[in-house]
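# build me a structure from this.
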Amino acid sequence: MTIEELRVIYDKLDKDHNGLVSRSEVILGIRREPKIAAALNLPEHIRQEDGTRDILESFFQRLDKDDSRSISWREFASELSDSPIIDSPREETQIDSNSDSSLYESLMASIFSAAHLCGCGTRSNKMQVATTSSPAQYAEVSA
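Below you'll find the model as predicted:
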């Protein structure tokens, strides 16, 4: 399945919209929408006595990589997608007074360059932040 198709299914399963899908949400989702059951290759009705509970449990455990008893979007998509999931660079860099000054200087230079490229002609707070020389000054200006 494509990422887009999986996202639609995942959002339908995540009834409480907390970003995680529980076993009960899977059971209710496939009962409510047989197309979801078919897409996930799961039976529409889950019963203990006929082995369908074991099928669901196997499916759930295969996706729940971190044993959190819920399935995150990342776990869902990485297991069921036709294409590999590529990490997006969302890691935030935190700078404090003990951090490497070259990293700080590089970050500030990139901010300053971006401000300069946008044609900003005045020295606003953003420009002042970009030209501060230490994390302490940065914190004072951005406060």
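
# can we go C-alpha only for contacts and neighbour counts from here?
OK.

# and the next helix or strand past the helix or strand hosting Arg7?
Of the helices and strands defined by DSSP states H and E, Arg7 is found in helix 3-13. For helix 3-13, the following helix or strand on the C-terminal side (DSSP H and E) is strand 20-21.

# could you point out which element follows that next one?
Counting by DSSP H and E, the next helix or strand C-terminal to strand 20-21 is helix 23-32.

# would you state the strands of the protein in chain order?
Assigned by DSSP state E, the chain shows strands spanning 20-21, 71-72.

# and Arg53, what does it touch?
Residues near Arg53 by CA atoms under 8 Å, 6 or more residues apart in numbering: Ile46, Arg47.

# distance of it from Ala38?
16 Å (CA to CA, to the nearest Å).

# quick one on the thing from earlier: tabulate the strands of the chain in TSV, adding columns for mean pLDDT.
Supplementary listing: the strands of the chain in TSV, determined by pLDDT from 0 to 100:
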stretch	mean pLDDT
strand 20-21	96
strand 71-72	96
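
# closest to Arg7 out of the ones you listed?
Judged by CA to CA, the one of the strands of the chain that comes nearest to Arg7 is strand 71-72, at 11.4 Å.

# in this structure, where is pLDDT below threshold?
For the chain, the stretches with pLDDT under 70 are 83-143.

# grab the nearest non-local neighbour of Leu28.
Leu13 (7.9 Å; CA to CA, 6 or more residues apart in numbering).

# please apply the same query to Ile9.
Leaving aside its sequence neighbours, Ile9 sits nearest to Ile36 (CA to CA, 6+ apart; 6.6 Å).
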